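J.: One predicted model, sequence on top.
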Amino acid sequence: MRFGSRIREVLTTSCGVDFRMSSPRTALDLEDTAHARQTLMSHLELAFGIHVSEEDVAHLQTVRDLLQCVRLRLWEQRVDASERAATVPTQVGRPGLTPLPPSLRESVARRTPSPPLGTALPTVDPRTTRA
């Protein structure tokens with residue numbers, strides 16, 4: 001199913017009016033009922049995995065406006081996901097290992113037992129170790 005067809009199906013299901021054969025310039029009458037706006041927002045979230053705010057829905061005048069709004073939210077979602085993926089540090093040479101988040105790394109470092117008092121730390125003689 002094409003993107004525009006999916007949007008029209010969601011509109012038809014949400015508003016109770018058949019939008020399946022509508023053009024992009026077809027007007028939306030969402031100002032009249034808050035229930036239709038809420039239903040449309042929840043159906044868009046389920047169908048596309050995006051969040052459309054009430055302010056966005058209040059500004060929608062035509063089917064084209066809705067198409068552009070959903071495309072924008074999907075694009076924002078993709079950009080956010082790629083930015084999050086770019087900020088996660090990777091460990092080179094050790095596949096399968098993921099770095100600990102800073103908060104967990106700090107708690108592990110704090111809970112690492114220290115040697116008992118009065119015990120000398122082992123020393124390594126640099127002349128006997130090989131590089």
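T.: That came through, no problem.

J.: three-state assignment of Ser22?
T.: Using DSSP: H, G, I helix; E, B strand; the rest coil, the structure places Ser22 in coil.

J.: State the distance from the residue lying closest to it once chain neighbours are set aside to Ala85.
T.: Leaving aside its sequence neighbours, Ser22 sits nearest to Val63 (Cβ to Cβ, 6 or more residues apart in numbering; 5.5 Å). (C-beta placed from N, C-alpha, C; glycine too.) Distance of Val63 to Ala85, computed by Cβ to Cβ, to the nearest Å: 33 Å.

J.: and those two? which has more neighbours close in?
T.: Val63 (20 against 9; other Cβ atoms under 10 Å).

J.: For the more buried one, give me its contacts.
T.: Ile7, Arg8, Leu11, Phe19, Ser22, Ser23, Pro24, Arg25, Thr26, Leu28 (Cβ atoms under 8 Å, 6 or more residues apart in numbering).

J.: For the helix or strand where Gln68 lies, buried residues please.
T.: Using DSSP states H and E, Gln68 falls within helix 63-87. Applying a neighbour-count criterion of 16 or more other Cβ atoms under 10 Å, the buried positions in helix 63-87 are Val63, Arg64, Asp65, Leu66, Leu67, Cys69, Val70, Arg73.

J.: Good, wrapping up.
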